[in-house]
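In: Below are the sequence and a predicted model for it; my questions follow.
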Amino acid sequence: MPKVKTNSAAKKRFKRVGKNKIKRASSLRRHILTKKTRKKKRQLRSGKYICKTNLKAVSLLLPYW
């Protein structure tokens, strides 16, 4: 039986926290920041959780995490 490999792109982007939660970074923070308000940019700093609909797909990319 071959080894199961962790997806390299996924391990850089996601972190497993708790039992059934995976944390991710917020999007919309790379460029075109001048038109975004100070409040919006501050709120985008905090991390978010993967929603339930994507949880299974992301978990398959991180088998041993």
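Out: Received, thanks. Numbers count the residues shown, from 1 in each chain.
In: For the residue lying closest to residue 6 once chain neighbours are set aside, which residues are in contact?
Out: Nearest non-adjacent residue to residue 6, counting by Cβ to Cβ, 6 or more residues apart in numbering: residue 62, 5.9 Å away. To be clear about C-beta, it is placed using only N, CA and C from the backbone, and glycine gets the same treatment. Residues counted as contacts of residue 62 (Cβ atoms under 8 Å, 6 or more residues apart in numbering) are 6-7, 10-11, 14, 16, 22.
In: if we go to 7 Å?
Out: By Cβ atoms under 7 Å, 6 or more residues apart in numbering, the residues touching residue 62 are 6, 10-11, 14, 16.
In: Then residue 29?
Out: Here residue 29 is in contact with residue 44 (criterion: Cβ under 7 Å, 6+ apart).
In: measure residue 9 to residue 24 for me?
Out: 12 Å (Cβ to Cβ, to the nearest Å).
In: The two: which is more packed in?
Out: Neighbours were tallied for residue 9 and for residue 24 using other Cβ atoms under 10 Å; the higher tally belongs to residue 24 (15 against 9).
In: pLDDT below threshold where in this protein?
Out: Of all residues in the chain, those with pLDDT under 70 make up the ranges 65.
In: Quick check: bridge partners of the residue nearest the centre of the chain?
Out: In the chain, the centroid-proximal residue (Cα atoms, centre = their mean) is residue 24; its distance is 2.3 Å. Applying DSSP bridges to residue 24 yields these beta-bridge partners: residue 48.
In: In this structure it contacts residue 46, no?
Out: No - between residue 24 and residue 46 there is no contact under Cβ atoms under 7 Å: 11.1 Å.
In: if we can go back for a sec, cross the contacts of residue 62 against helices and list the overlap.
Out: Among those, DSSP state H puts 10-11 in helices.
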